[in-house]
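Student: Sequence and predicted model, in that order:
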Amino acid sequence: MINPNKFSIINPNKSPVFYGYVVLLFGSIGVLASIPGQTVGVSVFTDPVKDALGLTRNQFSNAYMIGTFLSSFFISRAGRWFDKFGARFVAFFAAILLGFSLVLCSLSVNISNFFSELLNVQSALVPFLVITVLFFLIRFSGQGVITMSSRNMIMLWFDKNRGKVNSISSIGVSLGFSVSPIFFNYLIDSNGWEKSWQILALCLFIFSFFILQFYRNKPEDFNLKPDGSKIKQTEIINVIQPNIDFTLSEAKRTRAFWIIGLILAFNSFFITGFTFHVVSIFESQGFSKSQAISIFLPISVIAISVSTLCNILSDYIKHKIYVLIMIISGFLASIGLCLLAQPIGVYLLISGLGILGGLFAVVNAVTWPKYYGRKHLGAITGKIMSFIVIASAIAPTIFSYCYTIFGSYSYISYVNMALLIVLFIGFFKVKNPQ
């Protein structure tokens, strides 16, 4: 067996506390390290970067969509890498790739000018293609691989307490995502967008060292059990596995895989599209920009509260109920978008998106190992992540065309509710494959 401590001086067997808590800390930091590749991190750079490249907002958005969409085809493969090589090496190389990609992003104007002169072409197509490729790299490595490997690693180190530790992780991650736009905006104002991306890249290169030192693939590598205890000598040869480990192909033959995967993708679609166009959505109903931005505070409060409570309860109740609540929350948010001009619409939108986002953090982390086991967790969550990434890629464009063609964002709710009705019907035959 490959030495699980290779390139590291840290030995989990000598840890004064159960090493899973160390994994919880650094895995949560790993999810936060993905922010430069997430929509919330990229959106702050949109205006200065598109202006520097000479692209319109639509061109920049389309490049983001194409890059994100292309990345979804490779994330499933990354999930298989996770199962084969473990979280430690997959997350390490993903952090290096994301850091390198951010350096290239900071040089995107120079790269674009180089190719324009080399090809003797003065067209927006050159910077469009350059930023599309760079978006592919940061979305694949950031939103996809680092997030998946860090979250899955935490889940592998816990079983009975999986929900409780995920609640701790979710609180820190939610707060980090909430304040990141403010921090990134400060970086840009103080250093410019080019140097800001370089600073973030340097942070990722430094964190990659900590990944090698502190990330560990699974407790069994060190004769430990999930949640913390030693495997007895008589158990080393034949460790009892309480769950059936489904392969990806076996998981895809269950109804739960598709219903849960699609509701998670719906969450990504709605929240990404809404976030991308939030100012325009509210301005179309007579609200100001400050009123539009202020909606994220109550949504975050509800999401963190729901996530904390439901993560803890997830160790004791059936996860199927969470899927039903997500479907109902999607209906509430969709109705709220239709009635946004009225106070009741704003309340429905806030509560629906808050509950939806809070449960997303629970279901996307805790449900998969509970339903399908731990052995092929990377392949299964990698496929689900591809659904989520595709949904986030197409959402801004669909929201935009809905507004430009029909003159209102409310029509997107009809599309949402049609999908939710299908999921609601399919929900009643969902059961835990275990």
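Tutor: Arrived safely, thanks for sending.
Student: Could you use CA atoms for every contact and neighbour count after this?
Tutor: Will do.
Student: which stretches of the protein form strands?
Tutor: 224-225, 229-230 (DSSP state E).
Student: For the protein, which helix or strand comes out least confident on mean pLDDT?
Tutor: Lowest on mean pLDDT, DSSP states H and E among the helices and strands of the chain sits strand 229-230, with a mean of 64.
Student: Tell me which residue is most central in this protein.
Tutor: Centre of the chain computed as the mean C-alpha position; nearest residue by C-alpha atoms, centre = their mean is residue 143, 5.3 Å away.
Student: For that one, give me its contacts.
Tutor: Residue 143 makes contact with 34-35, 37-38, according to C-alpha atoms under 8 Å, 6 or more residues apart in numbering.
Student: redo that, cut-off 7 Å
Tutor: Shown in contact with residue 143 (C-alpha atoms under 7 Å, 6 or more residues apart in numbering): 34, 37-38.
Student: Check residue 306 too.
Tutor: 355, 358-359.
Student: Can you add neighbour count, pLDDT and distance to residue 320 and give those back as TSV?
Tutor: Shown next, in TSV, are those (neighbours: other C-alpha atoms under 10 Å; pLDDT from 0 to 100; distance: C-alpha to C-alpha, whole Å):
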residue	neighbour count	pLDDT	distance to residue 320
355	26	94	15
358	28	91	15
359	27	93	12
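Student: Keep only those of those that are in helices.
Tutor: Members of those lying in helices (criterion: DSSP state H): 355, 358-359.
Student: Just put the contacts of residue 143 in TSV and tack on pLDDT and distance to residue 257.
Tutor: Formatted as TSV, these follow (pLDDT from 0 to 100; distance: C-alpha to C-alpha, whole Å):
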residue	pLDDT	distance to residue 257
34	95	25
37	92	26
38	90	24
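Student: Distance to residue 218 added to the residues you listed, as a markdown table?
Tutor: Shown next, in a markdown table, are the contacts of residue 143 (distance: C-alpha to C-alpha, whole Å):
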| residue | distance to residue 218 |
| --- | --- |
| 34 | 22 |
| 37 | 26 |
| 38 | 27 |
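Student: Buried ones among the residues you listed?
Tutor: Among the contacts of residue 143, the ones that count as buried by 16 or more other C-alpha atoms under 10 Å are 34, 37-38.
Student: Going by distance to residue 88, which of those residues wins?
Tutor: Ranked by distance to residue 88 (C-alpha to C-alpha), the buried ones among the contacts of residue 143 are led by residue 34 at 15.2 Å.
Student: for the closest one, phi and psi?
Tutor: phi -80, psi -10 (degrees, to the nearest 10).
Student: how about the nearest residue to it, chain neighbours excluded?
Tutor: residue 142 (4.4 Å; C-alpha to C-alpha, 6 or more residues apart in numbering).
Student: Let me see the contact set for the one you found.
Tutor: 34-38, 98 are the contacts of residue 142 under C-alpha under 7 Å, 6+ apart.
Student: from those, which two are the most distant?
Tutor: Greatest spatial distance among those (C-alpha to C-alpha): 38 and 98, at 11.2 Å.
Student: Among the ones in helices among the contacts of residue 306, which one lies nearest to residue 266?
Tutor: residue 359 (12.5 Å).
Student: Which stretches in the stretch 251-400 of the chain count as helices?
Tutor: If DSSP state H, counting those that start in this stretch is used as the criterion, the helices of the stretch 251-400 of the chain fall at 255-276, 278-283, 289-294, 296-313, 320-338, 343-362, 368-372, 377-406.
Student: Of these, which is nearest residue 430?
Tutor: The nearest among the helices of the stretch 251-400 of the chain, by C-alpha to C-alpha, is helix 255-276 at 5.1 Å.
Student: Which strands and helices lie in contact with that closest one?
Tutor: helix 377-406, helix 412-427 (3 or more C-alpha pairs under 7 Å, 6 or more residues apart in numbering; DSSP states H and E).
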